[in-house]
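1. Structure, please.
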Amino acid sequence: MGSDHLQRDLTPSKGSYSFIKRVNVEGTRVVLEAGLGARHTPRRFVYISTDEVYGSSCHQVFEESSPLRPSNPYAASKAAAESLVSSYWDQYKEVFSAGGLLVLNPLGGGIRRSETL
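-> Predicted structure coming up:
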């Protein structure tokens with residue numbers, strides 16, 4: 001018995017670019033390949049990304065069709081991983097579906113802007 005869904009959401013936001021890239025891009029590829037090679041192939045792959053792939057402006061309005069404009073190494077690695085997920089979906093859509101969630105940095109009581117990415 002296996003899971004019907006595969007989710008990729010372990011994400012470092014700080015550290016060297018090679019570490020961030022290894023976790024976000026290579027880690028995503030490893031999870032996608034593991035899903036394809038599993039005895040019970042998951043029907044859905046959910047990739048959790050960030051709104052920072054569209055830029056760093058707090059006042060900018062964007063939607064999924066907006067152009068990607070990552071402004072830091074973390075956002076660039078997330079955009080690269082999104083492209084990887086999309087290419088796997090294009091190639092293996094008969095095996096499983098793939099989708100993504102964009103996560104916004106929370107700001108509010110007790111959270112300082114310096115504590116977010």
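
2. Where does the prediction get shaky in this protein?
-> In the predicted model, the chain carries pLDDT under 70 at residues 1-14, 57-58, 96, 98-117.

3. What ranges does it have for its strands?
-> Across the chain, reading from the start of the chain, the strands by DSSP state E fall at 5-8, 44-50, 97-103.

4. how about the helices of this protein, start to end?
-> Counting by DSSP state H, the segments of the chain that form helices are 17-21, 27-37, 73-92.

5. Now the ones you listed in JSON lines, please, with extra columns for mean neighbour count and distance to Y47.
-> From N, CA and C alone the C-beta is placed, and that goes for glycine too. Conversion of the helices of the chain to JSON lines gives the following (neighbours: other Cβ atoms under 10 Å; distance: least, Cβ to Cβ, whole Å):
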{"stretch": "helix 17-21", "mean neighbour count": "15", "distance to Y47": "15"}
{"stretch": "helix 27-37", "mean neighbour count": "16", "distance to Y47": "7"}
{"stretch": "helix 73-92", "mean neighbour count": "19", "distance to Y47": "5"}
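
6. Any chance of those in a markdown table with distance to S65 as columns?
-> Written out in a markdown table, the entries for the helices of the chain read as follows (distance: least, Cβ to Cβ, whole Å):
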| stretch | distance to S65 |
| --- | --- |
| helix 17-21 | 26 |
| helix 27-37 | 22 |
| helix 73-92 | 13 |
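
7. Which of the ones you listed sits closest to R44?
-> Distances from R44 to each of the helices of the chain were compared by Cβ to Cβ, and the smallest falls on helix 27-37, at 9.5 Å.

8. what's the angle from that closest one to strand 44-50?
-> In terms of direction (axes from the mean of the first three to the mean of the last three Cα atoms, to 10 degrees), helix 27-37 departs from strand 44-50 by 170 degrees.
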